[in-house]
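Trainee: sequence and computational prediction follow.
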Amino acid sequence: MFKTVLFPIDRSRESREAADKVLNIVQTYKARLVLLSVVPKPPEGEELPPDEAMMSPEAVAELLKNAQDMFSKEGIEAEVIEREGQPAFVICDVADEIDADLIVMGCRGMGLTEEAATESVTTLVINLSPCAVLIVP
């Protein structure tokens with residue numbers, strides 16, 4: 001059912017919690033696992049929020065290596081991709097490029113305001129994704 005699983009990761013608690021679901025899915029379906037981390041790029045003329053500004057290319061490389069090692073300990077060879085850009089759009093583009101069957105990602109639950117709901121990475125990925133999306137609360 002799932003041949004290729006894309007797992008966008010960041011330093012959030014939600015991302016770490018989603019890793020358990022990813023592990024289960026990849027083992028169950030003997031799927032290819034691709035880890036993705038996106039270095040946020042602010043829109044022209046804007047600055048990144050402080051939490052996103054801490055995601056230097058070096059920090060992202062370390063994050064990907066640690067995640068790859070974690071899955072390796074479970075017998076899963078994970079591929080890694082690092083990109084720069086607006087996270088939701090990059091996630092969907094990479095899913096399309098690698099012909100992903102499933103994107104698994106944590107949800108930060110940024111609130112119930114209409115603006116936050118329509119602008120969240122999670123909501124954008126759900127609306128733009130070329131494949132199924134599993135959101136882990």
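Mentor: Nice, thanks for sending it over.

Trainee: how much space separates R108 from V39?
Mentor: For R108, the distance to V39 equals 18 Å [CB to CB, to the nearest Å]. C-beta coordinates here come from the backbone N, C-alpha and C atoms, glycine included.

Trainee: and if you look at E62?
Mentor: 12 Å.

Trainee: compare those two (neighbour count), which wins?
Mentor: V39 (18 against 13; other CB atoms under 10 Å).

Trainee: quick one: contacts for the residue nearest to the more buried one when sequence neighbours are not counted?
Mentor: Distances taken as CB to CB, 6 or more residues apart in numbering place E84 nearest to V39, at 4.5 Å, with adjacent residues excluded. Going by CB atoms under 8 Å, 6 or more residues apart in numbering, E84 touches 38-41, 90.

Trainee: ok, L128 next?
Mentor: For L128, the contact set (CB under 8 Å, 6+ apart) comprises 88-89, 92.

Trainee: in this protein, what residue sits furthest out from the centroid?
Mentor: Distance from the centre of the chain peaks at G45, with 25.6 Å (CA atoms, centre = their mean).
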